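**Student:** here are the coordinates; sequence isn't available:
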C-alpha cells in the first residue's frame, strides 16, 4: 500500500483518487478550496463534476495542502495546467527532496513554452517527475469504465512503479521513456479538439471532423518530432488515442467550448459556459509559438489562434483551411512515374 496525496480536488484528481483507493492505497485529496473540500467530506461525492459517483469512507479530504505533502510515497499533481507553476512555487519548500510526483495536467506554458513536467522540475528541484496521460475522461474512469493510459519517465524503474500503483482490472497502464512525446501530444490535442468542436458548432459533418483529427495529428507529430519527441508516441495512447477521445466526446471540455465558439460565442463566453478550465485555449498560443520556433507548418493551430484571439469568424477560418494551396498528403512518398 502506498501513501498518496493528490493536489487538486477537481474531476480528474477525484477520479484518480477513487481509482487509487480502490487499488488499496492510502489516499488524501487536498485543495485550498474549503467549500469544495467540505462538500466532498459531507456528501462523499463531487456533486458538480462527478454527480452520482460515491466516494469510499477510506478516502480523506483536507484543506491542509502543506501538511499533506510530507511522508507520502507519491504526490499527484492534478491542478489544471495554468496553475501548476504557482502551486509548485507555493509549496516547493514543503516537498521532500527526491519526492515522486506524478503529473496529470496537460498543457504547455505560453510564456516559457515549457511542459508541465519541466515546470515541476524547475520549481521543485530534486523531484522525480512522472507523467500519466492517455484517453481518460474523469467521468468514465470514476465509473470504472475500461481505460488505458501511459506512464512516462526517464527512469524505467519509476515508470514501472507508477504502472504497478495505478493499474487495475479497469485501468491498464503502459510505460514509456518518451516524456516529451507524451506531454506534447497531450497538450497539443486540446487545440485540435477546439477546432473539431468549432466544426461541430458550425454544423459540419463527420467528414470534416475526421479530416481535422487526421490533419491535426499530422501537425502534432510534425512539431513533436521537431522538438525531440518520438514519432511512435504520437501513434499511441497519448497521441492519436487522446486526440480521438477529446475530439469526439461530449465529456471533452475543449470540444464543448469549440462547439459554442462555432455557434458564435466568444472564447470568454464559451469558457464561462463550460465552467471548467479549457486548457486548449491556454495551449493554443504556446503551440503557435512552438511552431514558429521550430519552423513547423501548423495551419489548424494558426486558424484556431486567429479565431480565439483575433476575432476571425470560425466559418472563415475553416474555409481558409479548405482553400490552402494544393499539395501532397505525405511529401515523403515517392512517385513511381511522373
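**Tutor:** Structure received. Quick caveat, the model's predicted, so the values are computed rather than measured.

**Student:** specify the local secondary structure of residue 52.
**Tutor:** Classification of residue 52 by DSSP: H, G, I helix; E, B strand; the rest coil places it in strand.

**Student:** in this protein, what helix or strand scores lowest on average pLDDT?
**Tutor:** Least confident helix or strand, the chain: helix 267-274 with a mean of 91, by mean pLDDT, DSSP states H and E.

**Student:** ok, and for it, which residues are buried?
**Tutor:** By 16 or more other CB atoms under 10 Å, the buried positions in helix 267-274 come out as 267, 270, 271, 274. Where you see a C-beta, it was placed from the backbone N, CA and C, and this is true even at glycine.

**Student:** what packs against it?
**Tutor:** With contacts taken as 3 or more CB pairs under 8 Å, 6 or more residues apart in numbering; DSSP states H and E, helix 267-274 sits against helix 253-262.

**Student:** avg pLDDT for the helix it packs on?
**Tutor:** Taken as a whole, helix 253-262 has an average pLDDT of 94.

**Student:** that one vs helix 267-274, what angle?
**Tutor:** 130 degrees (axes from the mean of the first three to the mean of the last three CA atoms, to 10 degrees).

**Student:** now helix 253-262: how far from the chain's centre is it?
**Tutor:** Relative to the chain's own centre, helix 253-262 is displaced by 16 Å; criterion: CA atoms, centre = their mean, to the nearest Å.

**Student:** next: stretch 185-201.
**Tutor:** The answer for stretch 185-201 is 12 Å, by CA atoms, centre = their mean.

**Student:** what mean pLDDT does that stretch get?
**Tutor:** For stretch 185-201, the mean per-residue pLDDT is 95.

**Student:** do stretch 45-52 as well
**Tutor:** 94.

**Student:** may I see the buried residues of that stretch?
**Tutor:** Here stretch 45-52 shows 45, 46, 49, 50 as buried, counting by 16+ other CB under 10 Å.

**Student:** need the residues you listed in TSV (columns: distance to residue 32 and secondary structure).
**Tutor:** TSV is the format used below for the buried residues of stretch 45-52 (distance: CB to CB, whole Å; DSSP: H, G, I helix; E, B strand; the rest coil):
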residue	distance to residue 32	secondary structure
45	20	strand
46	16	strand
49	17	coil
50	20	strand
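
**Student:** find the pair from the residues you listed with maximum spatial separation.
**Tutor:** Within the buried residues of stretch 45-52, 45 and 49 form the most distant pair, 9.9 Å apart (CB to CB).

**Student:** for the residue lying closest to residue 260 once chain neighbours are set aside, give its distance to residue 301.
**Tutor:** Take residue 260 and drop its neighbours on the chain: the residue closest to it by CB to CB, 6 or more residues apart in numbering is residue 270, 3.9 Å away. Computed as CB to CB, to the nearest Å, the residue 270 to residue 301 distance reads 18 Å.
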